[in-house]
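>>> No letters, just coordinates:
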């Protein structure tokens with residue numbers, strides 16, 4: 001019988017050690033729990049009337065609201081990997097849908113803006129070329145010179161950090177001056193990513209049937225429209241022109257959208 005030494009056992013244990021699993025990060029809006037507010041409203045309404053428990057049973061306000069069963073948008077649209085559904089970016093980060101990748105149509109996506117307050121450790125994770133954080137749940141490959149339709153570029157392939165599927169590439173540098181605007185941005189293959197939309201039950205407590213919820217905050221009227229909730233709309237030609245001209249402003253867009261909503265309601 002062959003006796004294994006302690007050193008052989010130690011080496012064998014190192015060889016079969018499992019790689020720690022990679023858990024993806026998630027793009028989460030600010031949470032809003034309408035059922036908690038409904039419970040507080042029903043409790044306060046029952047306690048405000050001394051006769052409600054005896055002769056008039058209290059009816060929760062949300063139970064009789066016609067808008068209580070409506071679905072509403074709970075958060076912004078996100079781009080996800082089609083293979084493992086890992087979050088990659090917000091749909092608002094899309095700059096253009098007219099690019100071409102390896103597998104057909106592709107998206108040009110801007111990197112996320114840096115958070116207001118960052119530590120030195122967090123800044124170490126930023127891209128050295130663009131000074132901004134990378135897309136979520138991606139792995140950036142080696143730099144290489146590649147000839148594309150618009151000329152020679154320095155690019156790095158990107159893949160999903162969860163499932164290792166290739167998603168596109170990142171522009172690191174461009175030879176031609178007219179193509180420098182792509183530096184620091186990403187190409188995501190439309191065949192490899194999908195748009196995810198978040199829906200949930202509406203609370204219907206304020207009686208507004210046309211409330212749109214973005215990032216957990218309702219807006220839809222001039223009173224509620226705030227620049228803090230405004231994100232770039234890649235489907236709006238005027239906003240695309242403003243982005244390419246470098247004049248896009250959240251406050252201006254908020255006023256423009258509020259005017260459009262007011263004009264539509266006045267026609268009704």
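Right, received. Where do you want to start? None of the values given here were measured: they were computed from a predicted structure.
>>> The spatially closest residue to residue 138 that is not a sequence neighbour is in what secondary structure piece?
Once flanking residues are discounted, residue 138 sits nearest to residue 158: 4.8 Å by Cβ to Cβ, 6 or more residues apart in numbering. Heads up, the C-betas are built off the backbone N, CA and C, glycines and all. If you go by DSSP states H and E, residue 158 is part of strand 151-160.
>>> Isn't residue 81 up against residue 163?
Yes. Residue 81 is within contact range of residue 163, at 6.5 Å (criterion: Cβ atoms under 8 Å).
>>> Which residue of these two possesses the greater neighbour count?
residue 81 (23 against 16; other Cβ atoms under 10 Å).
>>> what does the model give the more buried one for pLDDT?
According to the prediction, residue 81 has pLDDT 94.
>>> list the contacts for the residue nearest to it when sequence neighbours are not counted?
Spatial nearest neighbour of residue 81, excluding adjacent residues (Cβ to Cβ, 6+ apart): residue 160 at 4.6 Å. By Cβ atoms under 8 Å, 6 or more residues apart in numbering, the residues touching residue 160 are 81, 83, 84, 86, 88, 137, 138, 139, 167.
>>> Bridging across strands, which residues link to residue 160?
Using DSSP bridges, the bridge partners assigned to residue 160 are residue 138.
>>> Counting residues, name the longest helix you see in the chain.
Using DSSP state H, we find that the single longest helix of the chain is helix 250-267.
>>> where's the residue nearest to residue 81 relative to residue 114, distance?
23 Å (Cβ to Cβ, to the nearest Å).
>>> How many residues are close by residue 172?
19.
>>> go on, residue 105?
Around residue 105 there are 12 residues (other Cβ under 10 Å).
>>> which residues pair with it across the strands?
residue 100.
>>> what's near enough to touch it?
Taking Cβ under 8 Å, 6+ apart, one finds 97, 98, 99, 190 in contact with residue 105.
>>> mind putting those in JSON lines, distance to residue 253 and pLDDT included?
Formatted as JSON lines, the contacts of residue 105 follow (distance: Cβ to Cβ, whole Å; pLDDT from 0 to 100):
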{"residue": "97", "distance to residue 253": "19", "pLDDT": "88"}
{"residue": "98", "distance to residue 253": "22", "pLDDT": "87"}
{"residue": "99", "distance to residue 253": "24", "pLDDT": "91"}
{"residue": "190", "distance to residue 253": "26", "pLDDT": "93"}
